[in-house]
Each structure stands twice: as C-alpha cells, then as structure tokens.
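got a predicted model here, sequence first, then my questions.
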Amino acid sequence: MSNFTAPLTGLISAPFTAFHNDGSLNLQAVEKQVASLVANGVSGAFVCGTTGEGISMTVEERMRVAERWQQVAEGKLQVVVHVGHTSLGDARALAAHTQKIGAQGTSTLAPYFFKPGNAEDLAMFCAEVASAAPALPFYYYQIPSMTGVNIPAADFLRAAAPRIPNLAGVKFTFENLMDFSECVRLEGGRYNIVFGRDEILVAGLSLGARGAIGSTYNFIAPIFHEIIAAFEKGDLALARERQAAANAIIQIFIRYGGPPAGKVMMKMIGVDCGPVRLPLRELSPKREEQMRAELEAAGFFQMCSRG
Ligand SMILES: CC(=O)N[C@H](C=O)[C@@H](O)[C@H](O)[C@H](O)CO
Ligand SMILES: CC(=O)C(=O)O
C-alpha cells in the first residue's frame with residue numbers, strides 16, 4: 001500500500017545521468033553517485049529530471065537509468081522518476097515502468113511544445129500520466145523557466161484534485177513564493193510541496209517547505225544541511241549567511257552553463273559522470289580550469305563534505 005501523500009522530506013538530489021565519452025549510458029556510475037549522496041545525508045533522488053537530461057534521452061534509456069537507480073538506491077534513498085514527455089503515450093509508458101520497478105513516485109513537467117492554456121488542460125494531461133502508475137504518489141513538476149508553462153501551481157492542484165486520486169503534490173521550481181505558500185496551505189496542508197529553487201531554500205523553509213529537490217544537492221548538500229539546522233534552531237542570521245555562501249557557488253555553476261558545469265563539479269568531487277548531451281556542450285579545458293579557480297576561492301571544496 002502506498003501513501004499518496006507520503007512526504008518527500010529533507011534534501012533530495014536531482015542526479016546527473018552519467019554518460020560514457022561516446023555518449024552511451026554509464027550505468028556503473030550510479031553506485032558511486034548513490035554512495036556520495038548517502039554519505040552527505042541526502043534522502044532521495046529525482047531521476048531523469050532537468051539535471052539528469054531525461055528529456056535528451058530515449059524512452060528505453062530512461063527506463064534503464066530509472067531501473068539502475070532503483071536497484072542501487074533501494075533502502076537508502078527514495079527514488080522518484082521524472083516521466084515527463086511531450087508524447088502522452090511515452091510518458092504513460094515511463095510511468096507504468098516506474099511503478100513496475102518499485103520506485104517511490106512519478107512526476108511530470110508540463111508539455112512544452114503544444115502548451116496547456118489553463119489549469120484544467122494541464123490537470124487533464126497530468127491525470128493521464130498519473131493514472132498509468134496508480135499505486136504511486138504523483139508530483140506535478142512546476143518549472144516555467146524550462147517549459148514556458150506558467151500556470152499557478154495552486155490552480156493546478158485545485159483542478160487536479162478531483163481528477164488525480166494519487167496526487168501527492170508539486171515539485172516547485174519557481175520563484176513565486178506566494179504561489180508556493182498557497183500550495184503549502186491548500187486543503188489544510190495535505191499536499192507535499194517540494195521546494196526546487198536551491199538559491200532561496202531559506203525562504204522556502206520559512207513558508208513551510210519540509211523537503212527540497214535540487215541539482216546542487218549533488219555536490220554541496222552539507223552546507224544546505226547547515227542552513228536547515230540553523231533555521232530549525234531559529235538562527236536566521238546564520239541560515240542567511242550559509243545560504244549566501246552556497247549561492248556564491250550556485251552563481252558560478254550557472255555562469256558556467258548549469259548542467260555542463262555541474263558535471264565538471266561532479267568530476268572534481270570524484271564522482272565522474274562524463275559528458276553532457278547535445279545541445280548542451282562540454283566546457284573547454286581552459287574554462288574548466290577557470291571555474292575550478294573560482295570555486296576554490298568561493299570555498300567549494302569545504303562545502304562538499306560533511307565534518
Ligand atoms: C532548472 C533546474 O535545474 N532547477 C533545479 C531544480 O528544480 C534547481 O536545483 C536549480 O538547478 C538550482 O536552483 C540552481 O539554479
Ligand atoms: C533540479 C531538478 O529538480 C531537476 O533537475 O529536475
């Protein structure tokens with residue numbers, strides 16, 4: 001029996017998908033990725049999302065990656081699989097597969113070519129995806145910066161409630177904190193609204209976030225644990241100071257291109273995930289060296305491990 005509102009709490013990473021230099025999947029890397037996340041107190045993995053380049057992979061590859069994560073992470077991390085696709089048939093096949101392999105949840109972003117024009121249409125699309133994995137909690141993945149679909153998540157939840165029996169919540173990657181707060185409080189707080197903007201986690205916590213999914217928890221989870229601990233102690237000055245330190249790293253990560261820079265950062269912490277896929281491009285060796293110098297100056301290596 002699964003609990004549709006089982007909260008995703010703590011820090012959940014959105015892992016990179018490791019590729020070999022020829023572009024093929026490197027499923028061997030998952031063991032090291034999982035070990036590193038567990039060592040840094042991460043509680044879950046959001047597989048094949050934005051950071052995981054799920055949208056750049058074939059359906060077959062996405063299934064192999066999800067299977068591998070579930071196999072290796074079982075009993076150690078909660079695994080939620082991003083199954084979003086512009087083809088509803090493919091998204092449903094991925095969702096059904098996620099349930100079959102015993103993972104803990106499914107999630108989809110909004111279709112981003114033909115876009116839903118309102119919350120009802122988005123909810124109808126998501127209902128089709130969610131019903132292909134009826135035993136698993138379903139999370140809508142709100143990420144307007146990538147999909148161009150900017151329907152308030154609270155409107156989505158209201159439209160989806162009667163249509164999606166396994167609706168668990170939203171993975172909320174957006175800066176609209178009014179919408180976030182409304183989602184958290186909706187129907188007495190029954191939904192699990194997982195915070196997705198690492199740079200403003202401290203704000204998310206203050207509005208009631210209990211879990212966060214992010215790309216930067218792959219390498220700087222320890223400093224985010226410090227932010228959470230400071231917040232829980234009521235030391236907001238310290239929480240803000242630690243958030244600013246983390247953000248200095250995130251600014252470098254973004255300035256060097258996001259996922260391609262992130263894969264270099266993984267290599268720097270000893271968890272080589274290989275190259276990115278087109279249209280993303282690898283950093284040149286010169287840019288890598290520049291980035292390393294900037295990261296060192298911002299205290300990256302001290303933030304990467306506990307202790
Ligand atoms: C677009 C994207 O990847 N969003 C991520 C999570 O949802 C975040 O973890 C960001 O990568 C992070 O907040 C840095 O901007
Ligand atoms: C960060 C995140 O949640 C993603 O990459 O999908």
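Ah, there it is. Numbering: from 1, shown residues only. Ligands and ions are numbered 1, 2, ... in the order given.

next, whatever residue of the chain ends up closest to ligand 2: secondary structure please.
Residue nearest to ligand 2 within the chain (Cβ to the nearest ligand atom): G49, separated by 2.4 Å. Every residue, glycine included, has its C-beta placed from N, CA and C. Classification of G49 by DSSP: H, G, I helix; E, B strand; the rest coil places it in coil.

got it, and L8?
Once three-state DSSP is applied, L8 turns out coil.

quick check: it touching G44?
Yes - L8 is within contact range of G44, at 5.8 Å (criterion: Cβ atoms under 8 Å).

what do the two both touch?
Q78, V80, G211, I213 (Cβ atoms under 8 Å, 6 or more residues apart in numbering).

give me the neighbour count for the third one.
Just to be clear, that refers to G211. The local packing of G211 (other Cβ atoms under 10 Å) involves 20 other residues.

in this structure it contacts L8, no?
Yes - with contact defined as Cβ under 8 Å, G211 and L8 form a contacting pair (4.4 Å).

overlap in contacts, those two.
Common contacts of G211 and L8 (Cβ under 8 Å, 6+ apart): S43, G44, N192, V194.

what two of those residues are the furthest from one another?
Spatial extent of the shared contacts of G211 and L8 (Cβ to Cβ) is set by the pair S43 and N192 at 13.0 Å.

what sits in contact with each of these two?
L8, G211.

neighbour count for the two, which is higher?
For S43 versus N192, neighbours defined as other Cβ under 10 Å are more numerous around N192 (24 against 18).

how about that one, what does it touch?
T5, A6, P7, L8, P137, Y139, A168, G169, R210, G211.

so which of those sits lowest on pLDDT?
Lowest pLDDT among the contacts of N192: T5, with 63.

want to throw the contacts of N192 into JSON lines with distance to ligand 1?
Listed next are those as JSON lines, based on distance: Cβ to the nearest ligand atom, whole Å:
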{"residue": "T5", "distance to ligand 1": "21"}
{"residue": "A6", "distance to ligand 1": "20"}
{"residue": "P7", "distance to ligand 1": "17"}
{"residue": "L8", "distance to ligand 1": "13"}
{"residue": "P137", "distance to ligand 1": "18"}
{"residue": "Y139", "distance to ligand 1": "12"}
{"residue": "A168", "distance to ligand 1": "17"}
{"residue": "G169", "distance to ligand 1": "14"}
{"residue": "R210", "distance to ligand 1": "16"}
{"residue": "G211", "distance to ligand 1": "12"}
